[in-house]
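Participant: Provide a 3D model corresponding to the input given below.
(one chain, ligands or ions: 1)
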Amino acid sequence: MIEVKCTGHAFEREISHILALFYQDPDIAFVAEWQQPEALQIELALMPVAGGVRTHGVLRHGRYRDEESCERLYKEGGEKGERRTAKQAINATLLNLMERYTGLEQGWGILTGIRPTKLLHQLLRSGRGREEAHRYLRSDCLVRPEKLALLQEIADRQLAVIPDLYQIERELSVYIGIPFCPTKCAYCTFPAYAIEGQKGRVRGFLEGLHYEIRAIGGWMKQSGMPITSIYFGGGTPTSITAEELDELFAVLHESFPGLDRVREWTVEAGRPDTITPQKLEVLKKWRVDRISINPQSFSDATLAAIGRHHSVAETIETFQLARQMGIDNINMDLIIGLPNEGLAEVQHSFAQVERLLPDSLTVHTLSFKRASEMTQHKERYQVASRAEIARMMAYATEWTRAHGYRPYYLYRQKNILGNLENVGYALPGKESIYNVMIMEEAQTILGLGCGAVSKLLAPASGQLIRWPNPKDPKTYNETYRQLVAKKLQALKEIYFGGGATAHA
Ligand code: SF4
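Facilitator: Down below sits the predicted model:
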């Protein structure tokens, strides 16, 4: 139980986020007077002083009593700037107190709910020099030097791969969501429905998707915007048949202009149990540049425990098949912190990866997403301690560097084990352009199909407007005509009408 007393501010939401870095699902009460003597009691006061704010924090628990005070100056920029600085000051004070009390160091400082690389790009784009941007991240956001070095390395890599990254809003990317998988993995909250016994629904969904592609293709021709990258995700797009996949590519090519100039085509073939020589032929026929075959772990026991229903041998066989068929850019995803896995299991997985050497490797840290089966039945899944997770992640970092992989994108999620991050590594020249686009939110992503979220970057205001399609195939199949009409109207207003409409 944690009691928090706020004086001179009401940053309750932000305080809850900082406390969640230290405890899983903390029980927090915001109080005017202390209620529970045995609770961890934290008092955070904010006081205006000439040209700035002063914060004062006190933490008490049993005999433990610590005090932290810090002073931060308002920055220019009016009400929003002042509020942001006040919020940062409170967060930083709380973080300092909690780090001292728990002994846990937070590498990302007070950055929560924010894309760290996007923030760095924004600082650099705004004309602040690298030194000033780093000072801000280090001193105001309390980001630790090793994380800062990682951020800068990633930002540099992204600019090397996409030299026009800061002008890329003139183009857009396309995401196509296919919401089916052979089975649902226990940690998954993606729109992914077990395909078995759903033939009718798959057919209906594909009709809707073809309709949406044709309609949006008409708008694309009108807008004249070039397409940077196209990404098929979901679900597992290779869950549908080779014929259905082939037809989908044919519809795309009939409907979208300028596809010969697309910089990158990716298809998630994540589940090895969906890959066949016929499907790989289709991907080659339509010149797909990059696919993913995702082991997640090289332990059959772990795969069974997380409901993936494929074997390690299948992963290796499909990877070798794709290579033999000439696919020269294959990504693999691994997850650190899967149930019953520790450093030994992770070392075993990397030893297997070493035999295959994919072109890129995305290392995720397990996150407990609210709606996943794993979170709903947490007691069934034993995961490693925070210290073990940190050791596994350190091993992954060392291994990737030693094998020539370089980090090129990064993202963090809520409830991620050890408050770590997910990092995409690639051999030089094999980075995914789409992954950079989606992480940095540098341009519009048009999402088509089930569970696809369009992120429309309004050219006039720079505002990012989220436009989600329905997650489940039943709703999508029943409503796609209306949803496409509304989306076209929004696109018209944002791009041709100079306005921005929030999604209703
Ligand atoms: S394969 Fe991917 S999308 Fe499908 S259920 Fe597993 S995690 Fe979710």
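
Participant: Within range of the ligand, give me the residues from this structure.
Facilitator: 181, 184-185, 188, 190, 192, 234-236, 270-271 (CB under 6 Å from any ligand atom). Quick note: C-beta positions are derived from backbone N, CA and C, even for glycine.

Participant: contacting residues around the most centrally placed residue in the chain?
Facilitator: Nearest residue to the geometric centre of the chain (CA atoms, centre = their mean): Tyr411, 5.0 Å. Listed by CB atoms under 8 Å, 6 or more residues apart in numbering, the contact partners of Tyr411 are 115, 421-422, 439.

Participant: By pLDDT, give me the weakest of those residues.
Facilitator: Across the contacts of Tyr411, the bottom pLDDT score, 85, is held by Glu421.

Participant: burial of that residue, as a residue count?
Facilitator: As a burial measure, Glu421 scores 20 neighbours (other CB atoms under 10 Å).

Participant: if I look at it, how far off is Ile389?
Facilitator: Using CB to CB, to the nearest Å, we find Glu421 at a distance of 12 Å from Ile389.

Participant: shared neighbours, those two?
Facilitator: Thr365.

Participant: sorry, back to before: buried subset of the contacts of Tyr411?
Facilitator: Neighbour counting by 16 or more other CB atoms under 10 Å classes 115, 421-422, 439 among these as buried.

Participant: So which of those residues is the closest to the ligand?
Facilitator: Nearest to the ligand out of these is Asn422 (CB to the nearest ligand atom; 13.3 Å).

Participant: Return the residues in contact with that closest one.
Facilitator: Contacts of Asn422 by CB under 8 Å, 6+ apart are 362-365, 410-413, 416.

Participant: tell me the least confident of those residues?
Facilitator: Confidence-wise, Ile416 trails the rest of these, at 66.

Participant: Can you classify the residue of the stretch 301-450 of the chain found nearest the ligand by secondary structure?
Facilitator: At 6.5 Å from the ligand, Arg308 is the closest residue in the stretch 301-450 of the chain, using CB to the nearest ligand atom. The assignment at Arg308 comes out as coil when based on DSSP: H, G, I helix; E, B strand; the rest coil.

Participant: I'd assumed Gln296 was in contact with it.
Facilitator: Yes - with contact defined as CB atoms under 8 Å, Arg308 counts as touching Gln296 (6.7 Å).

Participant: if I look at these two, which residues touch both of them?
Facilitator: Cys185.

Participant: ok, these two, which is more surrounded?
Facilitator: Neighbours were counted for Arg308 and for Gln296 using other CB under 10 Å; Arg308 has more, 28 against 23.

Participant: Would you work out how far apart the start and end of stretch 189-205 are?
Facilitator: 20 Å (CA to CA, to the nearest Å).

Participant: Please work out the average pLDDT along it.
Facilitator: 87.

Participant: likewise stretch 467-475?
Facilitator: Taken as a whole, stretch 467-475 has an average pLDDT of 93.

Participant: for stretch 245-259, same thing?
Facilitator: pLDDT averaged over stretch 245-259 gives 97.

Participant: roughly how far out does that stretch sit from the chain middle?
Facilitator: Distance of stretch 245-259 from its chain centroid, counting by CA atoms, centre = their mean, to the nearest Å, is 27 Å.

Participant: Could you list the buried residues of it?
Facilitator: 245-246, 248-249, 251-252, 255-257, 259.

Participant: Quick one: low-confidence residue ranges for the protein.
Facilitator: The chain contains residues with pLDDT under 70 at 69-81, 370-371, 415-418, 498-504.
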